[in-house]
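Visitor: starting from these lines, generate the structure:
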Amino acid sequence: MTIFSTNVRQDTFTINSGQLTFVPRGYWHDIENIGNEEAKFVIVYNNEKPEDLGISGSVGSMSARV
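Guide: Here you go, the predicted model:
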């Protein structure tokens with residue numbers, strides 16, 4: 001998993017079975033299965049109308065400079 005913070009920092013780490021991680025509100029993140037088995041995640045939002053933006057939907061909201 002990689003979490004991209006607001007100060008251009010990125011933290012990349014491995015999440016093992018049974019572990020929990022937290023992504024602060026507004027931080028971009030990427031989850032990639034690097035194992036040989038199927039990965040399943042339980043994702044919890046603290047918003048009654050959560051949004052899941054894929055990369056194609058996200059690119060349109062970026063400025064031309066990005």
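
Visitor: what secondary structure does the most centrally placed residue in the chain sit in?
Guide: Compute the mean C-alpha point of the chain, and by Cα atoms, centre = their mean the closest residue is H29, 2.4 Å away. Under DSSP: H, G, I helix; E, B strand; the rest coil, H29 falls in the strand class.

Visitor: quick one: K40 and I31, what's the gap?
Guide: Applying Cβ to Cβ, to the nearest Å, one obtains 11 Å for the distance of K40 from I31. Glycine gets a C-beta too; all of them are placed from N, C-alpha and C.

Visitor: again, but for P24
Guide: P24 is 15 Å from I31, by Cβ to Cβ.

Visitor: likewise for F4?
Guide: Here F4 is placed at a distance of 12 Å from I31 (Cβ to Cβ).

Visitor: wait, isn't W28 in contact with F4?
Guide: Yes: with contact defined as Cβ atoms under 8 Å, W28 counts as touching F4 (4.2 Å).

Visitor: spit out the contact partners of T6.
Guide: G26, Y27 (Cβ atoms under 8 Å, 6 or more residues apart in numbering).

Visitor: how does it look with 6 Å?
Guide: Taking Cβ atoms under 6 Å, 6 or more residues apart in numbering, we find T6 in contact with no residue.
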